[in-house]
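requesting a structural model of the entry that follows:
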Amino acid sequence: MTGLYPNDAHWLETAGRLLVVLGFMVAAIRNLSAQQIAEHIRRLGEAGTPFPAAAFWIGTGMEVLGCAMLLFNWHPACGVMLLLIFTVVATLLLLRWWQSTDPGKRGGQQVAFNANIVVCGALCLLLARLPW
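The predicted structure is shown next:
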């Protein structure tokens, strides 16, 4: 059985694509609460990110646009690239576990950092299957 999208040779590719979109959109929606916006901007500022508010909104825009491109099969490889860039940059800016002195936070950040490595791997696999 082929997938839902013309590029998907198997239904598992479609399932993978939709799960990636779902995961990123759930995170984006959660991060759009007033409390989360303020917290992310504060953490970006603490990390030394120039224009932390602008960085937050640009990142969120990349995340949502990448999901839309992938979901609607409009230059889906470009959408995956947006998600990959977003994930790498956000991970390096917000999950600096090696700088944490609190053991609880350090452990949580290590787990999240490693999970994002797995997400990047999944995005690379997806990218290999999609046309530009």
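
specify the local secondary structure of the nearest residue to L95 once chain neighbours are set aside.
Distances taken as Cβ to Cβ, 6 or more residues apart in numbering place F113 nearest to L95, at 4.4 Å, with adjacent residues excluded. Every C-beta, even on glycine, is put in place using the N, C-alpha and C of the backbone. Under DSSP: H, G, I helix; E, B strand; the rest coil, F113 falls in the helix class.

from L125, how far off is F113?
Separation of F113 from L125 (Cβ to Cβ, to the nearest Å): 20 Å.

quick one: which of those two has more around it?
Taking other Cβ atoms under 10 Å, F113 and L125 do not tie; F113 has more neighbours (16 against 12).

mind jotting down where the helices sit in this structure?
Chain-ordered helices for the chain, with DSSP state H as the definition, fall at 11-31, 34-46, 52-71, 76-94, 103-129.

now do the longest one, average pLDDT.
Confidence over helix 103-129, taken as the mean pLDDT, stands at 94.

go on, the first one?
Predicted confidence along helix 11-31 averages 95 (mean pLDDT).

for it, buried residues please.
13-14, 16-17, 20-21, 24, 28, 31 (16 or more other Cβ atoms under 10 Å).
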